[in-house]
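Asker: Test case, fold it:
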Amino acid sequence: MTQALTPEDIEGFFTRANGDYVFARWNRPIAPVVFGVEEDTLQVVKGAIENCVVIAGHEMAETDPELGVNLMVFFLSDWNELLEVPKLGELIPDLDSRVAQLLARDAHQYRAFRFDEAGGIKACFTFVRMGGAMDTVPADVIALTQAVQAMLLWSDTAFTQDSPLGATPDGPIVRADVANVLRAAYDRVLPVAARDPSHALRVFARATAE
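Answerer: So this is what the prediction gives:
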């Protein structure tokens, strides 16, 4: 059974390691593209994104009128591969130093967001390095985990100690408390971006409403 959410839980989801409360959600339909996987896995990843979009009550689109696609998901075996992607350096500032940091940390995932003038998410670049322990994780678990984390600007410490997913006999699902936060965060009454921790109380009120 999932433990009941508290306002402190929600504040923690969006409070960064430096103590700043930073929240943002997508401010436009999500138009995804996936690189580096076979067709079967491609459908799993896109299905996971659609699942999270439905939970949030948000929208998907074939294309973004400004960017073409706005959620790019890359699967790779070595971080150095990023340096070979054409024009990626135009999308990810200081790409060389970022790759060096990822190599030094032996990281398995990285996300970079871009924002519009209102502070809402307008693009997300998700990178997943396979190999090692990641090769033992089922594709649907990886896909759904990445989809959840692309839906909101979660804290850089969120989900570092526990997964946003739960397990069922039919496969992974988004954890009930995380799903409730997703739904609440996309309530159109709430702003697309927030820096005041009082925002967490507004999310809490909607996440726990019957």
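Asker: contacting residues around residue 16?
Answerer: Residues near residue 16 by Cβ atoms under 8 Å, 6 or more residues apart in numbering: 22, 155, 156, 157. Glycine gets a C-beta too; all of them are placed from N, C-alpha and C.
Asker: Buried ones in stretch 26-37, by neighbour count?
Answerer: Buried positions in stretch 26-37, judged by neighbour count with 16 or more other Cβ atoms under 10 Å: 26, 27, 28, 30, 31, 32, 34, 37.
Asker: correction: stretch 55-62
Answerer: Buried residues in stretch 55-62, counted by 16+ other Cβ under 10 Å: 55, 56, 58.
Asker: ok, now stretch 141-153?
Answerer: Buried residues in stretch 141-153, defined by neighbour count with 16+ other Cβ under 10 Å: 141-153.
Asker: any idea of the mean pLDDT for that stretch?
Answerer: What stretch 141-153 shows for mean pLDDT is 97.
Asker: just checking, what packs against the longest helix belonging to the chain?
Answerer: If you go by DSSP state H, the chain has its longest helix at helix 39-56. Packing contacts for helix 39-56, counted by 3 or more Cβ pairs under 8 Å, 6 or more residues apart in numbering; DSSP states H and E, involve strand 32-35, strand 71-76, helix 139-151, strand 171-174, helix 176-185.
Asker: how does it look with 6 Å?
Answerer: strand 32-35, helix 139-151, helix 176-185 (3 or more Cβ pairs under 6 Å, 6 or more residues apart in numbering; DSSP states H and E).
Asker: Can you pull out the residues in contact with the one helix or strand in the chain whose mean pLDDT sits lowest?
Answerer: The least trusted helix or strand in the chain, going by mean pLDDT, DSSP states H and E, turns out to be helix 88-91, with a mean of 87. Applying Cβ atoms under 6 Å, 6 or more residues apart in numbering, the external contacts of helix 88-91 come out as residue 95.
Asker: can you check stretch 73-87 too?
Answerer: For stretch 73-87, the external contacting residues (Cβ under 6 Å, 6+ apart) are 34-37, 99, 102-103, 126-131.
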